[in-house]
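J.: Need coordinates for the below:
(chains A, B and C)
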Amino acid sequence: MGVEGIGAKVLRKEDRRFITGRGRYVDDMSVPGMKYAAFVRSPHAHAKIASLDTSAAEAMPGVIGVLNGRQLQGDGIGNLICGWAVSSKDGTPMKMGAWPALASETVRHVGQAVAIVVADTQAQARDAAEAVMVEYGELPVVTRAVDALKDGAPQLHPEAPGNLIFDWEIGDKAATDAAFAEAAHVTKLHIHNNRLVPNPMEPRAALGLYDPAEDHYTCWTTSQNPHVARLVMSAFYNVAPEHKLRVIAPDVGGGFGSKIYIYPEEIVCLWASKRTGVPVKWTSDRTEAFLTDAHGRDHETEVEMALDADNKILALRVETVANLGAYMSLFSSATPTYLYATLLSGQYDIPAIHANVKAVYTNTVPVDAYRGAGRPEATYVVERTMETAARELGISPADFRRKNFIRSFPHQTPVIMAYDAGDFDATLNAGMEAADVAGFEARREEAKSRGKLRGLGMSCYIEACGIAPSKAVGSLGAGVGLWESAEVRVNPVGTIEILTGSHSHGQGHETTFAQLVAERFGLPVDNVQVIHGDTDKVQFGMGTYGSRSGAVGMSAIHKALDKVEAKAKKIAAHVLEADEGDIVIENGEVKVAGTDKKLGWHEVCLGAYTGHNLPDGMEPGLKEGAFYDPTNFTFPAGCYICEVEVDPETGTTDIIQFVAADDFGRVINPMIVEGQVHGGLAQGIGQALLEGTHYDESGQLTTASYMDYAMPRAWDLPMFKVSTTETLCPGNPLGMKGCGEAGAIGSPPAVINAITDAIGNNELTMPATPEKVWKALNAVR
Amino acid sequence: MYETSYHRPSSLAEATQLAAEKGDEAKYLSGGMTLIPTMKQRLAAPEALIDLRHVAELKGISVNGRLIRIGGGTTHAEVATNDEIKSVCPGFAALAGLIGDPAVRHMGTVGGSVANFDPAADYPAALLALGATIHTDKREMPADEFFQGLFETALDEGEIVTAVSFEAPDQCAYEKFRNPASRYAMCGVFVARRADGVKVGVTGSGSSGAFHWSDAESALSGNFSPEAVDGLSASEDDMIADIHGSSAYRANLVKVVTKRAVKKALAH
Amino acid sequence: MTDVTITVNGREMKGAVEDRTLLVQFLRENLGLTGTHVGCDTSQCGACVVHVDGRAVKSCTMLAVQASGSSVTTIEGLANGQELHPVQAAFREHHGLQCGYCTPGMIMTAVDMIERHGSSLDEETVREELDGNICRCTGYHNIVKAILSAAGASQAPAMAAE
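T.: All right, here's what the predicted structure looks like:
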């Protein structure tokens, strides 16, 4: 490898624009004639719209237009959809209620848009939005999923009787029941996986531009997957035909899943631009973000684990109720099913598993994938149960896990997933060593002498990334394939552009992807430009989520580089009169192995474009594309160990040490990988300690700003101890597994296991706020 | 934010005259650290804003022996870093250094905080415990009389807090337990010890704003040690209860935080 | 509309604004200085931090008219031409940013913090002083490292000058 190749800590190419204030985010965009939008939103969680009067608003200063849901429907704009069909165990398809981009009859959560105002300034648009008179007839409200399933609960959608979207199962119920009948010990837990608000620091924004002269639409939007946005907006929402719609996701300030989905606002801005004849920009404020960005998690689960007399796991039985909110967001059905229950085997050899998941409508913000998406929920179920079982059995949590680890690969779990490779002992040992678990009891005693309660908690997670083989997801109901595409464009002077369907919104693709070129041809990363986020530039792509940009996106680049390399070698062999098999490319030179015959990389590239001396029949040019479809999921895994100190007087938890020992397969840039883990850990620790979403009885989100939703601050977190082991993934050419979500997946159970260890009470829900910990402590002392 | 009009007087007289002209549609703008966020959320809509940041009479800190006088326009950062206050009354300077975050402390002012009397504001706890005097453009009065209830003070319409003054106690300290979300005080306790007794001011917990914890004052006046508070319990009935903490939890915090403030004061 | 005059990054800028215009709106919309960001409505996230008369201030919590007559430095004014400010360089060197959205406010806060504390900054103080800056990407680990490193670095030239 070169100094900037695979495995090198290369400083980020993209940093300079961000640290000098030259990043370009959607809200930074400005086009001639641009006007500003504000949405009129429902103040009620559930209501009929009795009337809507826009006349006063239309007369306000600066107002260009006020548009409503009836006009939207009249123009044939389609309802929002969920793009992954999941069926109930009885074979019936999921029950999807209608979700218009602007509600015209019924609103089902606080914040749902009912109209848009376009005005000269943002302040004028907001002034006028307040002047839109909407009369509502309030309906009864339900916000908790288990309540929504009860007889007599308020009903949200006529399409979904009993608010039940699907009642889905996976695994072998009979085998599981039989194993429980034989069990020497059964561990049971009730788990609430708390609802989270993703909160990327850049609020969502959209700028819609309709050009009547060209009959062409452009949409700048805060998206993790602009091509998917274009496809969905044209194929399902009829906003614009695909070939007449350009979607641009420029610099995007974090996503964490919440910017995968195509939301009402970008649809309406595009439509409103055509209707009003002006470019329309909308930028969410933070309160709107809380009320409209898809939330994450919100599961209630009953779990039971059956063990034999030798402490081997016999079976796992899981009943989960998943709150999907008021509408089915784009991938909402997959998150609590195929991304959740398929990971319930964890790192363990569990002969029988049965899981039942009920997905439910409530009068809350729609719930969809948020960093980890289903896998944090699965890991929390498995790892809280493992820790609890070990405590009940009086054995060391580490030994209990070791006893049940999967050690032979490939391993077929009872819940679809076939693990291809892993070494769970390696990460467990690395974690325990880094955490100095051996010295913990002495530290616990020392803390006790200061009046503090120390606890140690562990979590051994596995997740499925590299999403995903198109055939497999197609068979499971996905509406799209989950391959990725790349194009490598070599310029006549030898510099290179990589066009990728992945989208970078913090992950550092512009650097990591360039490192593949450095590795391959020995060129400096500065000679490589990575282009993404624009449907007019990039061929096609499925975007960035599910830790897929490495394992899938870079595999596509790898494949395209293979083709470029092969062609360059052919050209060089022809020019140098050598055998193609003897050509090697290194350090920017194309050489005949074992001789001093060589060409500069730029000479080969120029030769490709002059076409003066190419092999007979070869097309000029040096540009290759590839589509890569993975053959399997990838399986990052690791061991997280959290050490906490609880202040018994206030219930405050301090994280004294957090160790993450991960196996991500091949690491391209360790600096960036570590950064991904740090960020994931912060979100996972945030879930465990701080981030609680609360609805009151009337369905108002009472945690709709940073005044009430506790975001992790620097003060809440320690320096992290992270390390990686490297078991290569056999399923893709680079051996990569993915690292984007692991931190958020593995950390919550480690934190809660540590706190419950410290306080000696296993009854504790997330977020473990000081008050909850204090109460749990008082309950046992 | 709704439309508003901005005015920048350079003297107290000019400011109060503007206020008189504009009537109850006007609001004084000092640091703006509460008012502007409130206006941004359209929860306040003053038609006129009278900016006090350029009023010279509101500036300045004077320390004469143990007598401290802080102009209403003084920022939290100026209080926190003032060497004389730090030497005579370190607990008060430390309190100012715990308000908000650095950017807030650069703008927010003593006068603004005192006049607003947010139930989670830090200064009121100290001013109650210190027996401070609140000075306005019209009069002066003890903090005990000035602070009347939730967001409610003795200020008349158009009246401006020009300064606070107090005599530094023998020992004092402020201890703050932050709300994990807003980072405001969920409980903040200022203890001040003088020859004639101990005063305890509590903020963030009381349902009517900052208050004296008189039981603790008596106990600590007899024995200024954390243990003196052990046998006491703050009344749950007077505590805030919200999604961040029940009244029982806040009552516990009042006790724990008071003990810690005493411990801190003893260490000075 | 009110006329304002604000010296921004060393240049005197004039403009007419509604009195309700926030300083951050003036910077972004009137001057096109879009490096200063808005991440919340409650003055807590710090994405908008700029320096007003040499001190870190949240430009989302100050009216443009309030800043009239003041001198403002934004993230765009920090580097000396092509030469990065040491704090900017430290953020890059230590990977103290990912999506870049909170970064301008973080850097402006860090510069102010280092000016006030110098090389006496320790991890605890840095974390405490970042109370008004929220980052969702980095877990703060590398931001803290970058600031500590820059605090050491910026001290060195000052000592050399003495």
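
J.: Any figure for the gap between A:Ile672 and chain B?
T.: 29 Å (CB to the nearest CB, to the nearest Å). Yep, even glycine has a C-beta here, placed from its N, CA and C like the rest.

J.: for chain B, what are the nearby residues on chain C?
T.: Residues of chain C that fall close to chain B, judged by CB under 8 Å from any CB of the partner chain: C:2, C:18-20, C:22, C:41-44, C:46, C:49, C:52, C:55-58, C:60-63, C:65-66, C:109, C:112-113, C:116, C:129-133.

J.: Mind checking which of the residues you listed are in strands?
T.: Among the residues of chain C next to chain B, DSSP state E puts C:2, C:49, C:52, C:55-58 in strands.

J.: which of those lies closest to chain A?
T.: Distance to chain A across those (CB to the nearest CB) is lowest for C:Val49, with 11.9 Å.

J.: Check what pLDDT that closest one gets.
T.: At C:Val49, the model reports a pLDDT of 98.

J.: of the residues of chain C next to chain B, buried ones?
T.: Among the residues of chain C next to chain B, the ones that count as buried by 16 or more other CB atoms under 10 Å in any protein chain shown are C:18-20, C:22, C:41-44, C:46, C:49, C:52, C:55-58, C:60-63, C:65-66, C:109, C:112-113, C:116, C:129-133.

J.: Quick check: phi and psi at the closest residue to chain B within the stretch 251-400 of chain A.
T.: In the stretch 251-400 of chain A, the residue found nearest to chain B is A:Thr287; the distance is 7.6 Å by CB to the nearest CB. Main-chain dihedrals, A:Thr287, degrees, to the nearest 10: phi -70, psi -40.

J.: what sits against it?
T.: A:704-705, B:41, C:41 (CB atoms under 8 Å, 6 or more residues apart in numbering or on different chains).

J.: try 7 Å
T.: By CB atoms under 7 Å, 6 or more residues apart in numbering or on different chains, the contact list for A:Thr287 reads A:704-705, C:41.

J.: hang on, the earlier thing: want to try a markdown table for the ones in strands among the residues of chain C next to chain B, with distance to C:Thr138 as columns?
T.: Shown next, in a markdown table, are those (distance: CB to CB, whole Å):
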| residue | distance to C:Thr138 |
| --- | --- |
| C:Thr2 | 39 |
| C:Val49 | 17 |
| C:Val52 | 26 |
| C:Arg55 | 25 |
| C:Ala56 | 19 |
| C:Val57 | 23 |
| C:Lys58 | 20 |
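
J.: which of those residues sit farthest apart?
T.: C:Thr2 and C:Ala56 (25.2 Å; CB to CB).

J.: Centre-most residue in chain C?
T.: Residue closest to the mean C-alpha point of chain C, counted by CA atoms, centre = their mean, is C:Met108 at 2.1 Å.

J.: What count of nearby residues applies to the residue lying closest to A:Glu589 once chain neighbours are set aside?
T.: In space, A:Glu589 comes closest to A:Lys598 once its chain neighbours are excluded; the distance is 5.1 Å by CB to CB, 6 or more residues apart in numbering or on different chains. The number of residues packed near A:Lys598 is 17, by other CB atoms under 10 Å in any protein chain shown.

J.: before we move on, what about the one 3 residues further on?
T.: When neighbours are counted by other CB under 10 Å, A:Trp601 registers 25.

J.: Off-centre distance for the longest helix belonging to chain A?
T.: Selection of the longest helix in chain A by residue count, based on DSSP state H, yields helix A:555-576. Relative to its chain's centre, helix A:555-576 lies at 34 Å (CA atoms, centre = their mean, to the nearest Å).

J.: can you pull the buried residues of that helix?
T.: A:555-561, A:564-565, A:567-576.

J.: next one: stretch A:491-510
T.: In stretch A:491-510, counting by 16+ other CB under 10 Å, buried: A:491, A:494-496, A:498-510.

J.: List the contacts of B:Arg8.
T.: Applying CB under 7 Å, 6+ apart, the residues contacting B:Arg8 are B:51, B:54.

J.: Please apply the same query to the one 5 residues further on.
T.: Residues near B:Ala13 by CB under 7 Å, 6+ apart: none.

J.: for chain B, longest strand please?
T.: strand B:185-194.

J.: Tell me which helix or strand comes right after that strand.
T.: strand B:197-203 (DSSP states H and E).

J.: what are the pairing partners of the next helix or strand after that following strand, and which direction each?
T.: Counting by DSSP H and E, the next helix or strand C-terminal to strand B:197-203 is strand B:211-212. Sheet pairing of strand B:211-212 (DSSP bridges) gives strand B:197-203 (antiparallel).

J.: And for the strand it pairs with, what's in contact with it?
T.: With CB under 7 Å, 6+ apart as the criterion, strand B:197-203 contacts B:120-122, B:124-126, B:128-129, B:131, B:185, B:187-192, B:210-213, B:216-217, B:220-221, B:224, B:254, B:258.

J.: buried ones in the host helix or strand of A:Val228?
T.: Using DSSP H and E, A:Val228 sits within helix A:226-235. Neighbour counts over helix A:226-235 (16+ other CB under 10 Å) mark A:226-234 as buried.

J.: what distance separates the start and the end of stretch A:371-380?
T.: Counting by CA to CA, to the nearest Å, you get 14 Å between the two ends of stretch A:371-380.

J.: One more: stretch A:24-34?
T.: End-to-end distance (CA to CA), stretch A:24-34: 17 Å.

J.: How about stretch C:61-81?
T.: 29 Å.

J.: Now do it: distance to the chain's middle.
T.: Using CA atoms, centre = their mean, the offset of stretch C:61-81 from its chain centre is 9 Å.

J.: Any residue of that stretch touching chain A?
T.: Yes - under the criterion of CB under 7 Å from any CB of the partner chain, chain A is reached by stretch C:61-81 at C:74-76, C:79.

J.: how close does the residue lying closest to A:Ala306 once chain neighbours are set aside get to C:Cys99?
T.: Using CB to CB, 6+ apart and skipping the chain neighbours, the partner closest in space to A:Ala306 is A:Ala183 (3.7 Å). According to CB to CB, to the nearest Å, A:Ala183 stands 48 Å off from C:Cys99.

J.: Looking at the two, which one has more neighbours?
T.: More neighbours surround C:Cys99 than the other of A:Ala183 and C:Cys99, with 29 against 17 (other CB under 10 Å).

J.: Contact partners for the more buried one?
T.: Neighbours of C:Cys99 in contact, by CB under 7 Å, 6+ apart: A:201-202, A:252-254, A:505-506, C:137.

J.: In helices, which of those residues fall?
T.: Using DSSP H, none of the contacts of C:Cys99 sit in helices.

J.: hang on, isn't A:Gly588 packed against A:Pro524?
T.: No - counting by CB atoms under 7 Å, A:Gly588 stays clear of A:Pro524, with 8.2 Å between them.

J.: What residue in chain A is the furthest from its centre?
T.: A:Glu577 (50.7 Å).
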